[in-house]
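fold the stuff below for me.
(one chain, ligands or ions: 2)
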Amino acid sequence: MVEEPADNPYVRDPDTSFAPVDDLDAATAREQARRLRAAIEYHNYRYYVANDPVIADRTYDALFDRLDDLEAAFDLDDEHSPTRRVGGAPLDELETVEHVAPLLSLQSSGDAAEIREFDRRIREAVGDVTYSAEPKFDGFSVEVVYEDGVFDRAVTRGDGEEGEDVSANLRTVGSVPLRLRDAPDFLAVRGEVYMPRSGFQTLNQRRIERGDDPFANPRNAAAGTVRLLDPSTVADRPLDVFFYDVIETSATITSQREAFDLLRELGFRVNDETTLVEDVEAVLDYRDRLMAAREDLEYEIDGVVAKVDDVGKREQLGSTARHPRWAFAYKFPARTGETTVERIVVQVGRTGKLTPVALLDPVDLQGVTISRATLHNAAQIRDLGVHAGATVRVERAGDVIPEVSEVVADDENDSESFAMPETCPVCDGPVAREGEHHYCTNASCPAQLRRRLQHFCSRDAMDIEGVGEAAADRLVEAGLVESLADLYTLDVDDLAALDGWGERSAANLRDELAASEGADLGSFLYALGIRHVGTERARALAAAFDLSDLKNANAEDLQAVEDVGPEVAEAVTAFFESPANVETVDRLAEAVGPESPADEGGDELDGLTLVFTGSLPGYTRSELSNLLETHGANVTSSVSGATDYLVVGENPGQRKREQADAEDVETLDPAAFEERILSRL
Ligand SMILES: NC(=O)c1ccc[n+]([C@@H]2O[C@H](COP(=O)([O-])OP(=O)(O)OC[C@H]3O[C@@H](n4cnc5c(N)ncnc54)[C@H](O)[C@@H]3O)[C@@H](O)[C@H]2O)c1
Ligand SMILES: [Zn+2]
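Ligands and ions are numbered 1, 2, ... in the order given. Below is the predicted model:
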């Protein structure tokens with residue numbers, strides 16, 4: 001879990017209209033680069049790890065390009081910069097495995113001039129080339145390895161060097177062959193896991209009915225599914241794979257064409273749109289053709305990829321730290337459309353933030369009907385000149401939230417300028433202004449309550465399934481929840497009577513609530529939704545204080561905790577200064593009985609260093625690490641001479657076992673782990 005960087009202008013609603021690089025002095029450039037790096041790291045985390053991006057791809061690309069420009073113009077290159085790396089760190093719940101070959105990004109652009117320039121560089125270096133032209137699937141890449149023709153493992157991209165072992169999940173996908181006929185001794189291939197459109201619609205429909213939040217797009221759904229911890233849930237979800245590269249094999253391959261032939265022969269699923277073309281102009285035609293066919297395909301694509309066909313030439317061209325020099329992704333433009341603004345309304349979020357939203361005359365943007373689009377804040381409305389009646393361009397970029405990108409035509413007669421309300425549109429409470437943002441400051445505002453409720457129940461918080469956006473809205477609207485603490489005294493009959501609920505959903509929620517009792521204090525604190533207190537800080541606070549000490553802690557006590565600065569300390573003390581908050585927390589604590597690691601911990605395992613590989617039934621990796629660490633053990637991610645035990649669970653990774661062998665580290669199976677370690681607690 002990565003914390004949202006505080007006070008960073010490039011995290012939420014970033015303004016990407018940058019001053020020319022030449023106008024900056026070196027100190028300003030360095031500072032801007034520092035903030036951009038922190039923000040991009042965070043966006044990488046949201047996108048690649050959490051599957052829940054907070055900004056549109058186009059905005060992300062603008063931030064990334066700016067950082068690239070600054071680094072070049074001011075010589076700020078740094079090996080830790082996100083411009084030098086790929087993707088995001090692997091999730092720690094899953095085993096980490098090294099790739100056979102680094103899984104890189106692609107150079108990309110939606111600008112024809114740039115792919116022509118790419119082609120010019122290629123021909124300058126290696127002469128005329130043939131390109132393999134392929135759809136760029138908008139899914140999730142995996143490396144799949146076969147030894148002696150038998151499926152050995154599947155690994156996500158991760159940070160490019162190592163990824164997450166998702167073998168158990170990929171085994172459940174029908175189009176992944178488990179045994180190959182006439183296969184070479186060793187074969188590593190790459191493919192894109194995706195969720196077909198129709199399956200995606202059905203899955204989202206079911207999620208909405210259950211009260212869970214729908215996935216934003218098929219890519220997020222596929223990525224979220226591949227990394228689930230329970231393979232039986234994965235088996236239930238519609239996933240498919242297109243294989244598109246042979247990375248390493250004991251057979252000889254001299255071109256992309258031969259790679260596809262080999263893949264087909266061995267029974268891998270490959271895509272039929274892939275073809276060979278003679279020059280870059282044919283790549284441009286290919287892209288136009290696929291763009292026109294885009295909506296008729298059963299899978300999402302976001303552009304086309306041109307790869308130099310000849311493997312010898314690829315080797316001559318080589319790679320940078322981020323991407324191969326022999327491939328280029330020519331992306332499609334964002335999906336946009338024009339429509340008129342009917343009205344501007346203001347929404348209130350969990351932290352009380354007021355966001356203006358344009359209600360639109362519904363418009364179809366390539367298959368998705370858009371009837372609302374965010375306007376971010378008052379400054380954005382002013383800059384764009386949006387008002388009711390205006391004809392605007394809306395964009396669905398990266399599918400996060402559609403946004404209004406410009407005013408195309410203006411009916412002056414209808415013009416009525418927009419002003420942020422002075423009181424909260426939901427509770428009529430006072431509104432405070434911070435920079436360009438406005439907040440409702442009434443702690444019991446129902447709009448905030450809905451979002452806080454949803455947050456309280458979310459997976460990293462109390463993990464109460466079934467309370468997504470829609471269910472939270474309904475509970476608050478029906479008056480069943482007036483304070484978070486009411487959750488635990490909900491009446492099953494009242495729930496069952498709610499629109500669209502029924503007895504089954506009501507009973508499920510009751511069971512989920514009961515299961516959340518005794519949660520650890522860290523999750524409980526995070527669930528309270530205190531500003532600036534993310535999961536990591538919540539865990540650090542829970543390790544340092546029990547709940548009653550935390551309520552009375554002053555700024556100085558708080559700042560003694562790692563990663564808690566004045567701003568965070570101020571947010572925590574302000575939270576507990578509100579009598580309404582304290583009352584809610586007390587009632588919740590009585591219902592939940594959060595367990596403090598300090599109460600539970602001990603030093604039984606002091607000095608013991610453990611490494612895990614594979615999964616242990618009944619635990620997630622982070623639960624186990626937490627538990628063992630509160631008892632003094634040291635849980636690390638790789639085996640070394642200092643390791644006491646390697647615990648080998650289900651679907652273990654090969655590398656750690658080999659290391660354990662080499663370092664003479666004792667291994668424990670789940671039963672031995674239970675008997676020798678867990679029983680000591
Ligand atoms: N919104 C955000 O916060 C956010 C954050 C990070 C990244 N992003 C977006 O992600 C993009 C960069 O992502 P990336 O580096 O994962 O991908 P990329 O655009 O560099 O492309 C590389 C990926 O393309 C995929 N691919 C699909 N078809 C392929 C084919 N035929 N051959 C080879 N590869 C194929 C593979 O999964 C591969 O990993 C950026 O453009 C950015 O917009 C957005
Ligand atoms: Zn309010």
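
pretty sure Leu375 contacts Gly385?
No - using CB atoms under 8 Å, Leu375 is not in contact with Gly385, being 11.3 Å away. Any C-beta I mention is one placed from the backbone N, CA and C, and that applies to glycine too.

those two: which is more packed in?
Neighbour count, other CB atoms under 10 Å: between Leu375 and Gly385, Leu375 has more, with 24 against 13.

got a list of what that one touches?
Ile344, Thr355, Pro356, Val357, Ala358, Ile381, Leu384, Val386, Glu403, Val404 (CB atoms under 8 Å, 6 or more residues apart in numbering).

closest one of these to ligand 1?
Nearest to ligand 1 among the contacts of Leu375: Glu403, at 12.6 Å, using CB to the nearest ligand atom.

mind checking how far that closest one is from Ile381?
12 Å (CB to CB, to the nearest Å).

between these two, which is the more surrounded one?
More crowded of Glu403 and Ile381, by other CB under 10 Å: Glu403, with 24 against 20.

against Thr351, how distant is the more buried one?
20 Å.

which element is Ala72 on?
helix 57-73 (DSSP states H and E).

ok, the next helix or strand after that helix: who's next to it in the sheet?
Stepping forward along the backbone from helix 57-73, the first helix or strand reached (DSSP H and E) is strand 96-98. With DSSP bridges as the test, strand 96-98 is paired with strand 162-164 (antiparallel).

what about the partner strand, average pLDDT?
When pLDDT is averaged along strand 162-164, the result is 89.

quick one: is that strand near ligand 1?
No - counting by CB under 6 Å from any ligand atom, no contacts exist between strand 162-164 and ligand 1, the nearest distance being 10.7 Å.

so how far is that strand from its chain's centroid?
15 Å (CA atoms, centre = their mean, to the nearest Å).

wait, doesn't Arg452 sit right on Gly352?
No - Arg452 is beyond contact range of Gly352, at 9.8 Å (criterion: CB under 8 Å).

what packs against the longest helix along the chain?
Longest helix in the chain, counting residues (DSSP state H): helix 26-44. Helix 26-44 sits against helix 57-73, with contacts defined as 3 or more CB pairs under 8 Å, 6 or more residues apart in numbering; DSSP states H and E.

for the helix it packs on, list the C-alpha coordinates in CSV.
Provided in CSV are the C-alpha atoms of helix 57-73 (Å, rounded to 0.1, in the frame of the first residue of the first chain):
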residue,chain,number,x,y,z
ASP,A,57,-4.5,8.2,-18.8
ARG,A,58,-4.2,11.3,-20.9
THR,A,59,-3.5,13.3,-17.8
TYR,A,60,-1.0,10.7,-16.6
ASP,A,61,0.8,10.8,-20.0
ALA,A,62,1.0,14.6,-19.8
LEU,A,63,2.7,14.4,-16.3
PHE,A,64,5.0,11.7,-17.5
ASP,A,65,6.1,13.7,-20.6
ARG,A,66,6.6,16.8,-18.5
LEU,A,67,9.0,14.9,-16.2
ASP,A,68,10.8,13.5,-19.2
ASP,A,69,11.2,17.0,-20.6
LEU,A,70,12.5,18.4,-17.3
GLU,A,71,15.0,15.6,-16.9
ALA,A,72,16.3,16.2,-20.3
ALA,A,73,16.4,20.0,-20.2
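
are it and ligand 1 in contact anywhere?
Yes - shown here: helix 57-73 in contact with ligand 1 (CB under 6 Å from any ligand atom) through Asp57, Tyr60, Asp61.

quick one, phi psi at the nearest residue to Ser132 once chain neighbours are set aside?
Among residues not flanking Ser132 along the chain, Gln256 sits closest, at 4.0 Å (CB to CB, 6 or more residues apart in numbering). With angles defined as degrees, to the nearest 10, Gln256 sits at phi -60, psi -40.

wait, Gln256 touches Lys307, no?
Yes - Gln256 lies in contact with Lys307 (CB under 8 Å); the separation is 5.7 Å.

residues shared between the contacts of the two?
Joint contacts of Gln256 and Lys307 (CB under 8 Å, 6+ apart) are Ser132.

what sits against the closest residue in space to Phe186 that isn't next to it in sequence?
The shortest distance from Phe186 to any non-neighbouring residue, by CB to CB, 6+ apart, is to Ser250 (4.9 Å). Listed by CB under 8 Å, 6+ apart, the contact set of Ser250 reads Pro184, Asp185, Phe186, Leu187.

what's the most distant pair in the residues you listed?
Asp185 and Leu187 (8.0 Å; CB to CB).

more neighbours: which of those two?
When Asp185 and Leu187 are compared for neighbours, Leu187 comes out ahead with 25 against 11, by other CB under 10 Å.

so the more buried one sits in a helix?
No - looking at Leu187 with DSSP: H, G, I helix; E, B strand; the rest coil, it is strand, so not inside a helix.

about what we covered before: which of the residues of helix 57-73 next to ligand 1 lies closest to Arg264?
Asp57 (32.2 Å).

Phe151 falls within a strand, correct?
Yes - according to three-state DSSP, Phe151 belongs to a strand.

that one and Thr172 touch, don't they?
No - the pair Phe151 / Thr172 is not scored as a contact, 11.8 Å apart, by CB under 8 Å.

now Arg372: how far from Gln32?
Distance from Arg372 to Gln32, by CB to CB: 33 Å.

which one of these two has more residues nearby?
Gln32 (21 against 17).

so the more buried one makes contact with Leu24?
Yes - using CB under 8 Å, Gln32 is in contact with Leu24, at 7.2 Å.

what touches both of those two?
Leu70.

burial of the closest residue to ligand 1 within the stretch 501-650 of the chain, as a residue count?
Minimum separation of the stretch 501-650 of the chain from ligand 1 (CB to the nearest ligand atom) falls at Gly534, amounting to 17.1 Å. By the criterion of other CB under 10 Å, Gly534 has 16 neighbours.

so where do the strands sit in the stretch 551-681 of the chain?
609-613, 634-636, 645-648, 666-668 (DSSP state E, counting those that start in this stretch).

I'd like the ones you listed as CSV, with distance to Val283 and mean neighbour count appended.
Rendered in CSV, the data for those read as follows (distance: least, CB to CB, whole Å; neighbours: other CB atoms under 10 Å):
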stretch, distance to Val283, mean neighbour count
strand 609-613, 44, 22
strand 634-636, 47, 17
strand 645-648, 48, 22
strand 666-668, 51, 16
